[in-house]
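Enquirer: model the following, please.
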Amino acid sequence: MGPHQLLRNVAAGQDGMVTLEQALRAGLTRDQVRQLHRSGRWQRLLRGCFVPDAELSDSTLRRARIRAAVVSLGPGAFAVLDTALELHGIAGLRRTSQVHVSVPVDRPRPQRALAPWLTVHQVTVGSGDIAVVAGVCATAPLRTVSDVVLRVARYPAVSVLDSALNQGRINAEQLAAIPSLIRGRRGAVAARACLAEADGRAQSPLETRSRLRCVDGRVPPDTLQLEVRDDDGYLLGIGDLGWRGPRVIAEADGRDAHGTPEAAFADRRRQNRLVNAGWTILRFTWQDTLHPNYIPQTVRQAIAAAQRR
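Expert: Residues are numbered from 1 along each chain as shown. Predicted structure coming up:
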């Protein structure tokens, strides 16, 4: 096997990235690596880190950058904040191009920008605060969530907490431990209020935002993931947000979960079953959550109409 094929195999197990040391061990020289970079066949991510495949997808290139940042910053470096959330698969924050990595506090932080997409931190961590995710060091889920909720506003903070709980990245006991972990840190007071609103039944940030709009509009749902069954116990459908008394359900229609034709057909059939059973179905999108009054007003009108029937 030639060095180029060998390095492609190595890259396939490293999010599309190889290091200079790996290239040298495969049999290439420094001059050959330099020429591959200058010719555009290889993309340089950071010092000593390259992508040997110019056709990487955006998502794979993103993972390659994260891995390269941790590798390039040397032993002890680890992903933090938004980037650690991303590695753990916790949703709730708006994705940006930035990669956040920390170097150990006993090492100097780089004095110049290594790449426009890289932000280097110095975060003090304790025992158990670091985990390895797909071969990349990052703050563990509990530490990551604790750090993030201190830095963001209420809606994204609750969305992050909901996602972490829903996906099992943290549990209720760990959620209860966060106040002690953040005590005395900037943003702790606001973060503690967000903890009280977390609900792991929410299956997406859109569901979380829709719920919070209803809470703020003084029409909070009775329950989440409401199961509606007929008299024989047959499951007619599950509603994202439910008001049992007036028989109103609100659905959060995200593009990922409802964007395929199959999903749209299934949604329509389910909605027909629920409507025929006497339920009012409302549907909200991400755009709707950007207007503070629209969702609660629509829910309030639906409840009023149901009560007049």
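
Enquirer: for this structure, which segments are assigned as strands?
Expert: 18-19, 43-46, 49-51, 78-79, 99-102, 118-121, 130-133, 136-139, 223-229, 235-243, 248-252, 280-284 (DSSP state E).

Enquirer: the last one versus strand 235-243: what angle between them?
Expert: Here strand 280-284 runs at an angle of 70 degrees relative to strand 235-243 (axes from the mean of the first three to the mean of the last three C-alpha atoms, to 10 degrees).

Enquirer: given strand 280-284, what are its sheet partners and their directions?
Expert: strand 248-252 (parallel) (DSSP bridges).

Enquirer: pull the CA atoms of the strand it pairs with into PDB?
Expert: Coordinates of each C-alpha in strand 248-252 appear next as PDB, following Å, rounded to 0.1, in the frame of the first residue of the first chain:
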ATOM      1  CA  VAL A 248     -55.500  21.500  22.600                       C
ATOM      2  CA  ILE A 249     -52.100  20.200  21.200                       C
ATOM      3  CA  ALA A 250     -49.300  22.300  19.900                       C
ATOM      4  CA  GLU A 251     -46.700  20.800  17.600                       C
ATOM      5  CA  ALA A 252     -43.200  22.100  17.000                       C
END
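
Enquirer: what angle separates that strand from strand 223-229?
Expert: Interaxial angle of strand 248-252 relative to strand 223-229 (the same axes, to 10 degrees): 120 degrees.

Enquirer: just give me how far strand 248-252 sits from the chain centre.
Expert: 23 Å (C-alpha atoms, centre = their mean, to the nearest Å).

Enquirer: quick one: mean pLDDT for it?
Expert: For strand 248-252, mean pLDDT rounds to 96.

Enquirer: lowest confidence element among the helices and strands of this protein?
Expert: Ranked by mean pLDDT, DSSP states H and E, the weakest helix or strand in the chain is helix 255-258, scoring a mean of 58.

Enquirer: in a markdown table: the strands of the chain, plus mean neighbour count and distance to R183.
Expert: Glycine gets a C-beta too; all of them are placed from N, C-alpha and C. Converted to a markdown table, the strands of the chain look like this (neighbours: other C-beta atoms under 10 Å; distance: least, C-beta to C-beta, whole Å):
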| stretch | mean neighbour count | distance to R183 |
| --- | --- | --- |
| strand 18-19 | 23 | 40 |
| strand 43-46 | 20 | 36 |
| strand 49-51 | 23 | 38 |
| strand 78-79 | 26 | 23 |
| strand 99-102 | 26 | 21 |
| strand 118-121 | 19 | 21 |
| strand 130-133 | 16 | 21 |
| strand 136-139 | 24 | 18 |
| strand 223-229 | 15 | 29 |
| strand 235-243 | 21 | 33 |
| strand 248-252 | 25 | 34 |
| strand 280-284 | 19 | 36 |
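
Enquirer: how about those, which one is nearest Y155?
Expert: Of all those, strand 248-252 sits nearest to Y155, with 13.5 Å by C-beta to C-beta.

Enquirer: check what pLDDT the residue nearest the centre of the chain gets.
Expert: Nearest to the geometric centre of the chain sits A91, at 2.2 Å (C-alpha atoms, centre = their mean). The per-residue pLDDT reported for A91 equals 97.

Enquirer: how about the nearest residue to it, chain neighbours excluded?
Expert: Counting by C-beta to C-beta, 6 or more residues apart in numbering, S163 is the residue found nearest to A91 once chain neighbours are left out, at 4.3 Å.

Enquirer: where's that neighbour relative to G187, distance?
Expert: Counting by C-beta to C-beta, to the nearest Å, the gap from S163 to G187 is 19 Å.

Enquirer: show me which of those two is the more surrounded one.
Expert: Relative neighbour count places S163 above the other of S163 and G187, with 27 against 15, counting by other C-beta atoms under 10 Å.

Enquirer: so that one makes contact with H88?
Expert: No. Using C-beta atoms under 8 Å, S163 and H88 do not qualify as a contacting pair, with a distance of 9.5 Å.

Enquirer: what is in contact with these two at once?
Expert: The contact sets of S163 and H88 overlap at R169 (C-beta atoms under 8 Å, 6 or more residues apart in numbering).
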